[in-house]
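>>> sequence first, predicted model second:
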Amino acid sequence: QQQVRQSPQSLTVWEGETAILNCSYEDSTFNYFPWYQQFPGEGPALLISIRSVSDKKEDGRFTIFFNKREKKLSLHITDSQPGDSATYFCAASENYNQGKLIFGQGTKLSIKP
Amino acid sequence: ETAVFQTPNYHVTQVGNEVSFNCKQTLGHDTMYWYKQDSKKLLKIMFSYNNKQLIVNETVPRRFSPQSSDKAHLNLRIKSVEPEDSAVYLCASSDERLFFGHGTKLSVL
């Protein structure tokens, strides 16, 4: 049973457009949601995160929108750049400072120049 | 900047062999982890260690065993590998955020 689900599986957008990556979860006890970015041959790297007490978190071109009632969140990447091409993972945990994360299956993002 | 170091980068072995992967972190974190990333890129936690105490074991097969000499090191031993063990094994450490190494790709022939 997949507790964290991501869609789409893959996404292609043109350079300069906004990419929208979706995530949903099942467990109401989850209260911390980080997004990780992974390039081929490397480990995942923390990109941005949000706690369930907030409905929006912004960091430069990256914004998380969070809907606790619907158990959904999304990552928006504005002004997409070719260097943003990577696999993005949504994750969830019950505790902010715990490394025990439940990961989604990832969205492979490709940015066309 | 890499602060979680894993060796080797790649390892090819045959069914039934024993393998061991090393991991060291220089972040001063108290907790380290092993995650498995399968061919579909799905990430699942295997173990976590806090001050040499195992605090999470996600029902992985008994042929897997974590080994720690101090809080900066957490190795992974697989006794008698099987084909389904082919994957990327990612070591990580955390304080408030989880930092991953580059991974060790295991291929079991």
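Received the coordinates, thanks. Numbers count the residues shown, from 1 in each chain, chains lettered A, B, ... in the order given.
>>> now do the same contact list for the spatially most central residue of chain B.
Geometric centre of chain B, nearest residue: residue B:34, 3.6 Å, by C-alpha atoms, centre = their mean. Each residue near residue B:34 by C-beta atoms under 8 Å, 6 or more residues apart in numbering or on different chains is listed here: B:23, B:45-48, B:66, B:74, B:76, B:89-92. Bear in mind the C-beta positions are built from the backbone N, C-alpha and C, glycine included.
>>> residue A:29: which of the residues you listed is nearest?
Residue A:29 lies nearest to residue B:45 out of those, by C-beta to C-beta, at 16.4 Å.
>>> Three-state assignment for residue A:83, please.
State at residue A:83, reduced to three classes by DSSP: H, G, I helix; E, B strand; the rest coil: helix.
>>> where's the closest residue to it other than its chain neighbours relative to chain B, distance?
Nearest non-adjacent residue to residue A:83, counting by C-beta to C-beta, 6 or more residues apart in numbering or on different chains: residue A:111, 7.8 Å away. From residue A:111 across to chain B, the span is 19 Å (C-beta to the nearest C-beta, to the nearest Å).
>>> swap in residue A:12?
Counting by C-beta to the nearest C-beta, the gap from residue A:12 to chain B is 17 Å.
>>> just confirm that residue is within a helix.
No: Residue A:12 is assigned strand when assessed by three-state DSSP, not a helix.
>>> surely residue A:76 meets residue A:19?
Yes: between residue A:76 and residue A:19 there is a contact under C-beta atoms under 8 Å: 7.3 Å.
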